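> Kindly generate the corresponding structure for this input.
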Amino acid sequence: MRNSRSQRNIREILTSIWNIISAWLWPEVCPFCGKASSQGICTICRRKLEMLRIREPRCMQCGKPIRHVEQEYCHDCMHTRHHYDQGLSLWLHKAPVSTSIYQFKYHNQRRYGIHYTEELICCYGHMIKRWNPDLIIPIPLHKKRRKKRGYNQAEIVSRELGRRLQIPVDEKSLVRRIATSPQKILSHSERKKNLRKAFALKWAVYPASTVLLIDDIYTTGNTIDAAAEVLKQNGVEKVYFLTISIGQGY
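The predicted structure is shown next:
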């Protein structure tokens, strides 16, 4: 435990140093339009984001927006048995959110993760407190994809969230053992098949009855479900999730 705590402290110090160096080398830019902005998210993009913010009424399980207040669940959740318990997302997956996440994932814009984390805490800090997770786990990439990309975007958000909220983060236990095809090119049924047995536990997770999963995008929920199923098969009682964006509900 002492070594683990020491390593976490060293990582936090290095992250702080890197953030200072990054801020000095590169001027602060808005993560949604790429223009210089000392306030992070610029005023124009902030207005656009407010239009995409997920508000009530929303699905009680996945958090997608729904049309009617008297509705409890979206179409997907009414016809799907999920392994996770509940989840929330910040924005609909439309521009400029979708373009920002693309830059975050594929063009090394790792600093965007700080802004996403700030927004998650601002909007859902009270829900995280209510869920009271023992552990944060980022949805893992397969080792080949991680090597090619150089980093896992879900880990960046998880680390920042864990650091700010003082919740342990486990990046090692849950692994993606199968190099699955990109979910965005597959149909709903193909996505479920694609993720079957994709995840596994490398070793037992830090003793945790409640886990918070972190990913960038929620579409049908198959990725979150597959990870939640593995966790629950190994003793986790409650699994929640947070994502930056989500598909349109109906």
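
> wait, Tyr151 sits on Gln109?
No. Applying Cβ atoms under 8 Å as the test, Tyr151 and Gln109 come out as separate, 10.7 Å apart. Heads up, the C-betas are built off the backbone N, CA and C, glycines and all.

> what do those two both touch?
Counting by Cβ atoms under 8 Å, 6 or more residues apart in numbering, Tyr151 and Gln109 have no shared contacts at all.

> The two: which is more packed in?
Gln109 (18 against 13; other Cβ atoms under 10 Å).

> Chain neighbours aside, what residue packs nearest to the more buried one?
Gln103 (4.5 Å; Cβ to Cβ, 6 or more residues apart in numbering).

> Any regions of the protein where pLDDT drops low?
Residues of the chain meeting the criterion pLDDT under 70: 1-9, 15-16, 18-27, 180-194, 206, 249-250.

> Just the element for Ser38, please.
If you go by DSSP states H and E, Ser38 is not part of any helix or strand.

> So Tyr240 is in contact with His82, correct?
No. Using Cβ under 8 Å, Tyr240 is not in contact with His82; the gap is 11.3 Å.

> which one of those two has more residues nearby?
Shown here are Tyr240 and His82; by other Cβ under 10 Å, Tyr240 has more neighbours (21 against 18).

> for this protein, what spans make up the strands?
Along the chain, counting by DSSP state E, strands occupy 86-92, 135-138, 174-176, 199-201, 210-218, 238-246.

> Figure out how far the second one is from the centre of its chain.
Taking the mean C-alpha point of strand 135-138 and that of its whole chain, the gap between them comes to 10 Å (Cα atoms, centre = their mean, to the nearest Å).
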